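Enquirer: Got a predicted structure here, sequence first:
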Amino acid sequence: MKLPLKPTHSDELAQRKSDHIKLSENARTHVSKLDGRFFYEPLFFTHPTSETKWSSSFLGFNFDYPIWVSSMTGGTNHAKVINENLAKLCGEFHLGMGLGSCRSLLHDPSRLGEFKVKKFMPSSPLFANIGIAQVEECVREGSVHRLHELVSMVEADGLVIHINPLQEWFQPGGDRFKVTPLETLKRFLGQCSYPVIVKEVGQGMGPKSLKALLELPVAGIELAGFGGTNFTLLEKMRGDHLSSREGFIHVGHSCLEMISILNALPERNKEIIISGGISSMLDGYELKSKLKRNSVIGMASAFLGPALMSYEELRGFFLDQVEALLTARASLELREEG
């Protein structure tokens, strides 16, 4: 029995040329679709390899690439698989990770196994995550030690506090703030010794809020700008709401706007996670290039599907993203504004 012959190099070349002829008409582009954010510099380009890194420092840790796995999930049946796979990724590639909300652990540690993933990323930063409403409650009751115990319980290197007044307003049975998040943060930060990151949840923050955060002793800020997963919209989708509230879903600030605001404010030695509305690594590269502060690119919902499937799927997805980011860095330069 004769085995079929493998295609030769000349066969592959001929097939490629044939494909080019067949597809050329449908492969035409129009100048209206040109991405004008960058200069493309092919004469200074080399293709990234599996050995190429974009070494970065963030919060005192060394990253292989400037990427942060943003807070996503906890307290669900799928959380353990997702968090373990994400933590393995962070361990292999020296990335940072924020856990999903750890609120359930304040009252019942039975789901601790879903969050206790530090063993998979021993030399990378893992941050616990809690809402500002729970911080307000602990401050008011004089039980801030419960938050310290939470950080210790999940073996975290610090704490992410998410600021979400509109989400709570939309959420059936949501918390109501009795004092402003700024006042709560001031009182809490005076009682903790670990690094704290403050983030929004999909609508971003205006200039007064960003300026106030820069003046607080926080280690970092996650922008979570408008254009990505919006938890106010998510809560609307979960239940019925009065039409008078609809407009609030669409208020907020994009990452691009917040970066412009931050660039005009004093440095204050804060590190930034750029997340929200990043649809591709071209977006991430553009935003990181524009921000005049140390930063990493935050990714969240895009990781969920691959992380739930398997570590191999997640790893392959991540490497595709990294290759795109490295290719952008090697071939593109940001155009000057104005």
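Expert: Looks like it arrived, so ask away. Being a predicted model, the structure only gives us computed values, none of them experimental.

Enquirer: C-alpha only now, for contacts and for neighbours.
Expert: Fine.

Enquirer: Counting by contacts, list what the helix or strand harbouring residue 152 packs against.
Expert: Element membership of residue 152, judged by DSSP states H and E, is helix 145-153. Other elements packing on helix 145-153 under the criterion 3 or more Cα pairs under 8 Å, 6 or more residues apart in numbering; DSSP states H and E are helix 103-107, strand 126-131, helix 132-141.

Enquirer: ranking the ones you listed by burial, who's on top?
Expert: Ranked by mean neighbour count, the helices and strands packed on helix 145-153 are led by strand 126-131 with a mean of 26 (mean count of other Cα atoms under 10 Å).

Enquirer: who does that strand pair up with?
Expert: In the sheet, strand 126-131 lines up against strand 96-98 (parallel), strand 158-162 (parallel) (DSSP bridges).

Enquirer: Mean neighbour count, the ones you listed: which tops it?
Expert: It is strand 96-98: most buried of those by mean count of other Cα under 10 Å, with a mean of 28.

Enquirer: quick one on the thing from earlier: can I get the helices and strands packed on helix 145-153 in JSON lines including distance to residue 212 and mean pLDDT?
Expert: Formatted as JSON lines, those follow (distance: least, Cα to Cα, whole Å; pLDDT from 0 to 100):
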{"stretch": "helix 103-107", "distance to residue 212": "25", "mean pLDDT": "91"}
{"stretch": "strand 126-131", "distance to residue 212": "18", "mean pLDDT": "97"}
{"stretch": "helix 132-141", "distance to residue 212": "16", "mean pLDDT": "96"}
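
Enquirer: ok, back up a step: how about the helix holding residue 152: buried residues?
Expert: 147-148, 150-151 (16 or more other Cα atoms under 10 Å).

Enquirer: ok so, going back, would TSV of the strands paired with strand 126-131 with mean pLDDT and distance to residue 109 be doable?
Expert: Converted to TSV, these look like this (pLDDT from 0 to 100; distance: least, Cα to Cα, whole Å):
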stretch	mean pLDDT	distance to residue 109
strand 96-98	97	19
strand 158-162	97	17
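
Enquirer: Make TSV out of the ones you listed and add distance to residue 212.
Expert: Putting these into TSV (distance: least, Cα to Cα, whole Å) gives the following:
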stretch	distance to residue 212
strand 96-98	23
strand 158-162	15
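
Enquirer: you'd agree residue 151 is up against residue 159?
Expert: Yes - counting by Cα atoms under 8 Å, residue 151 does reach residue 159; the two are 6.8 Å apart.
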